[in-house]
Structure formats: C-alpha cells, structure tokens
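Enquirer: Got a sequence here, can you model it:
(2 chains)
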Amino acid sequence: MITVIRDSKNNIKTFSESTLDDYNLVLGETKEIVDSSFVEYSRRFMLQAAGVFGQTVHAFVGGDDVIVGVSTSLGMDAVDLNINGTIERVPLVAGMGEIVLSTANPGIFIITPADRTMFCAAGNGILSVEVVPNGK
Amino acid sequence: MAYPTSSNVAAGQPTLAAHYNTLRADSVYLGNTSADSNTLSSFLTNYVSGLKLQPLATNRVKVPYVAASPARMMIDGYLVSASAEVQLSAGSFSGAAATWYIFSVRATNPTFTLSVSTSSATLPGTKLIGQCYWDGTNILDGSIVCYFQNYLPPPDYDSGWFAVTINTLYSFNHNLNSLPGNVVLLHNTSSTGAAVSSVVSLVGPQATCRNPLYYSELTVSVNTGNDAANGTLLGRPSNSAAGYYRIMVWRTL
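Expert: You can find the predicted model right below:
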C-alpha cells in the first residue's frame, strides 16, 4: 500500500511509501490509499533523458538535440506532455515514446504530464532540461 | 526492600536452613523470591561492556584492549574479560563471498578468543558478537559490525520516501514534543533507492539559494525552491527539480 496526496485541484501532489498518517494536509488537499508498491506507482509515468531520471539534464546551445523518453505502465497508446505550457501528444509503443528538444536557444524546458490528475508531476514525473551557452 | 536479607552468624552458632536459604536468595535472586526475580546469571546472560570490533591487517578482526575499560561479557554463564588485545587467527576466512558471523569463545584464564563462521548458530561456550562481509578475497573493513557497540540509532521519526517537485511545501508531524537534536533531509533520483542519495542543504535558485528544511517541537517541513533546474537539490554532483525526499529526525534527551 502507498499513499497519494492530491491538491485542491485534484492533481496528484505527491505519493509516499508510508501511510502518511503524519502528513499535514493543507487546505483542499486529500489523501488516498492505493494498492500498489512505491516503485510500481512511480512507473505509472516516468521521464528521462539519456537514462537520467530525477535530476536536471544539461545541454549546450548548438549541441546535440536532447531526446527525452517518456514511459507509462498503464498500457496507453499515447500520452500528453506539458512542455513549458505547451501540450504535445507523444505516441507510445510498448508504453514508451520520445520527444526531441532543440538546443538552438538557451533556456530551460520543464516537462510534466499534461494530466496531473492521472499522473504525478513529481518524483520521476517531471524533468528539467537546461540548455546553457557553451562554456557556462 | 533492604539488601542483603541475610545477616552474620556468630562463631559457633549453628547454621540453620533459614540462614542458608536467605543467603542463597541473596546470592541468586538479590534477596527476592524465584517467583519475583530472574537469577543473576540469567539476568546477566547478555551482559557485555567495553566491547568493540575493529579491522586488523590482513583480513582479520580484533577486540582492542583498554586497561581502564576492558571488554567484559558473560559467555555461557561464565564472566570473562579481556586482559590484552584479542585477535582473530589469520586465515579464518575463505570461500565465496558471504556474511561471516563473529563469536567470542570462552577460554580458561578467564578471558576469551575470537572465531568466525558463516553460520550465526551459537555453539556451547560461544557468544555471537558481530558480523562482517567477506567478498571472496578480502573483508570489507566498513562491514565489520559489533552487535554491542553504540551506533547511530534508527531515527525517532522517518517520513519514508515521497515524490517531490519544485516550489511545494511538504509538512509532517514528527510529534517528538521537543526540538529534534538532529534532522537529515535526503534526496534520491530513483524510486527504488538504488541511485546515490544526497544530503539536501540547499535548493535553488542558484543566485539566491535557500535551506528548504525547518522544524518545530511537533513538525518538520520542507519548502522546495522555485527554480526549474535546482528547486529540489542544488548540489555539486547533480541538480534536481524532481526526485524523492526522505526526512529523518532524532531526539535528544
């Protein structure tokens, strides 16, 4: 059993391997118990780049494009990603898909699931890709 | 109760059964009855003091000797103590990688020696006192554990791992009812815990980094940074705006 916390908009805020009996809910938050393991639940939605999960990925301007992999254990044909506020549908094969991020300009890409009521945009469900000027 | 319950007898005075039984109760049960007290021997079965295990070159372990506080213990009902450094014999480890268990073995003088086995079963005249890991070639020095040595205890409060993102408050009740003596915030990139953990001390933005951790007598909270690259971890090896946190809290008396 794991515990899921939803915010006032019903988005999944976090999930924990503990029962979170000790968690302080803030206004509008709710708690639910889910029959899953912590690792299984985390695999509902995962983002990675070059095999890196859960940490910021850096790329240089003008360097190779960054390939971001998305995977879900829910058996879906496609999943919508939120990339800096823009929704992009990514087709999935065997639960896995990819998007390519350009390194033409400096900046940061923040990638999360578009549907945060279904997927958690925390843990391995969010990925930041920072494109920095060469030599920074 | 008053102790001892036995009293001196005068020279020439016959020793009565009551004298003997009172004296026996004093020596075995500290003056109490068998119904109300363990025997001293059974009470002290697990008695150990001053015991440490340390690595000894090459592929050996030792119990160091400190004259003011020598290792003392009860082994199989016998009270023994070290009178010098106690060393495991050379060549005691062999075979495939495995956890080996360390035993003290009662000797006659009255002290003890050391032995090891891949079985944790205790034989007559021995006491299980620790373990270490043999990788097939060497003992890993850091794996030497003495069951009777003081280590950092498990935390009094442990949040368990939970998923985090930037610019978000996570608050928990540790309920110690006193200010914690130590609080550690860990970050891990993997839900399996297989990745390297970092101790979180700062989160971004890099130009105005902050410590995200704070606590009171009842609660412990983290407020992640509002930075898309470093909001959950601003570290030298890596940065993160995602991942998993775990909060561990220890009390002080």
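Enquirer: so how far is B:N182 from the closest residue to B:L152 other than its chain neighbours?
Expert: Of all residues not flanking B:L152 in the chain, B:W250 sits nearest, at 8.0 Å (Cβ to Cβ, 6 or more residues apart in numbering or on different chains). For every residue, glycine as well, the C-beta is placed using N, CA and C. B:W250 sits at a distance of 4 Å from B:N182 (criterion: Cβ to Cβ, to the nearest Å).
Enquirer: quick one: which of the two has more around it?
Expert: B:W250 (17 against 12; other Cβ atoms under 10 Å in any protein chain shown).
Enquirer: I'd say A:G63 and A:A104 touch.
Expert: No: the pair A:G63 / A:A104 is not scored as a contact, 10.0 Å apart, by Cβ atoms under 8 Å.
Enquirer: Can you give me the distance of the residue nearest to B:L152 to B:S191?
Expert: 25 Å.
Enquirer: what's the answer for B:G12, then?
Expert: 82 Å.
Enquirer: now swap in A:E32 and tell me
Expert: From A:E32 to B:S191 the distance is 18 Å (Cβ to Cβ).
Enquirer: so where's chain A shaky on pLDDT?
Expert: A:135-136 (pLDDT under 70).
Enquirer: tell me which parts of it are close to chain B?
Expert: Residues of chain A that fall close to chain B, judged by Cβ under 8 Å from any Cβ of the partner chain: A:13-18, A:20, A:22-24, A:26, A:38-39, A:41-43, A:52-56, A:108, A:110, A:120-128, A:130.
Enquirer: repeat that for 7 Å
Expert: A:13-18, A:22-24, A:26, A:38-39, A:42, A:53-56, A:108, A:110, A:120-124, A:126-128, A:130 (Cβ under 7 Å from any Cβ of the partner chain).
Enquirer: Tell me which entries of those residues lie within strands.
Expert: A:13-16, A:108, A:110, A:127-128, A:130 (DSSP state E).
Enquirer: Out of those residues, which comes closest to B:A98?
Expert: When those are ranked by distance to B:A98 (Cβ to Cβ), A:S16 comes first, at 35.0 Å.
Enquirer: domains for chain B, by residue range?
Expert: B:48-146, B:157-250 (automatic domain parsing).
Enquirer: Can you give me the end-to-end span of the shortest one?
Expert: Separation of the first and last residues of domain B:157-250 by Cα to Cα, to the nearest Å is 7 Å.
Enquirer: show me what contacts the nearest residue to B:L51 once chain neighbours are set aside?
Expert: Spatial nearest neighbour of B:L51, excluding adjacent residues (Cβ to Cβ, 6+ apart): B:A71 at 4.4 Å. Residues near B:A71 by Cβ atoms under 7 Å, 6 or more residues apart in numbering or on different chains: B:50-51, B:63, B:81-82.
Enquirer: What is the neighbour count of B:S240?
Expert: So B:S240, with other Cβ under 10 Å, has 31 neighbours.
Enquirer: Same check on B:M1?
Expert: 6.
Enquirer: Whichever of the residues of chain A next to chain B end up buried, select them in ChimeraX.
Expert: Applying 16 or more other Cβ atoms under 10 Å in any protein chain shown to the residues of chain A next to chain B, the buried members can be selected in ChimeraX as follows:
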select /A:13,14,15,16,17,18,22,23,38,42,53,54,55,56,108,110,120,121,122,123,124,126,127,128,130
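Enquirer: residues contacting residue 97?
Expert: I'll assume chain A. A:70, A:79, A:90-91.
Enquirer: should've been chain B
Expert: B:134-136.
Enquirer: Can you tell me which residue is spatially central in chain B?
Expert: B:Y151 (4.2 Å; Cα atoms, centre = their mean).
Enquirer: Against chain A, how distant is it?
Expert: 23 Å (Cβ to the nearest Cβ, to the nearest Å).
Enquirer: For that residue, which phi and psi angles does the backbone take?
Expert: Main-chain torsions, B:Y151, degrees, to the nearest 10: phi -120, psi 170.
Enquirer: Now do stretch B:200-219, average pLDDT.
Expert: Averaged across stretch B:200-219, pLDDT comes to 93.
Enquirer: Endpoint to endpoint, that stretch covers what distance?
Expert: First residue to last in stretch B:200-219 (Cα to Cα) measures 18 Å.
Enquirer: all helices of chain A, in order?
Expert: Listed in chain order, the helices of chain A (DSSP state H) span A:38-42.
Enquirer: quick check: domain ranges of it?
Expert: According to automatic domain parsing, the domains of chain A span A:1-42, A:44-136.
Enquirer: Indicate which one of those is closest to B:L114.
Expert: Across the domains of chain A, closest to B:L114 is domain A:1-42 (Cβ to Cβ), at 39.4 Å.
Enquirer: Okay, and B:K127 sits in which element?
Expert: For B:K127, the host element (DSSP states H and E) is strand B:126-134.
Enquirer: buried set for that strand?
Expert: So, applying 16+ other Cβ under 10 Å, buried residues of strand B:126-134: B:126-127, B:129-134.
Enquirer: Now rank the contacts of B:A71 by neighbours and give me the top one.
Expert: Busiest of the contacts of B:A71 [other Cβ under 10 Å] is B:V63, holding 26 neighbours.
Enquirer: for it, what are its contacts?
Expert: B:51-53, B:71, B:82, B:85-86, B:114.
Enquirer: Now do the contacts for the residue nearest to A:G97 when sequence neighbours are not counted.
Expert: Nearest non-adjacent residue to A:G97, counting by Cβ to Cβ, 6+ apart: A:V90, 4.1 Å away. Residues in contact with A:V90 (Cβ under 7 Å, 6+ apart) are A:70, A:78-79, A:81, A:97, A:99.
Enquirer: And for A:G28?
Expert: A:7-8.
Enquirer: what's the spacing between B:Y65 and B:T126?
Expert: 20 Å.
Enquirer: I should have written B:Y3 there, sorry.
Expert: For B:Y3, the distance to B:T126 - Cβ to Cβ - is 33 Å.
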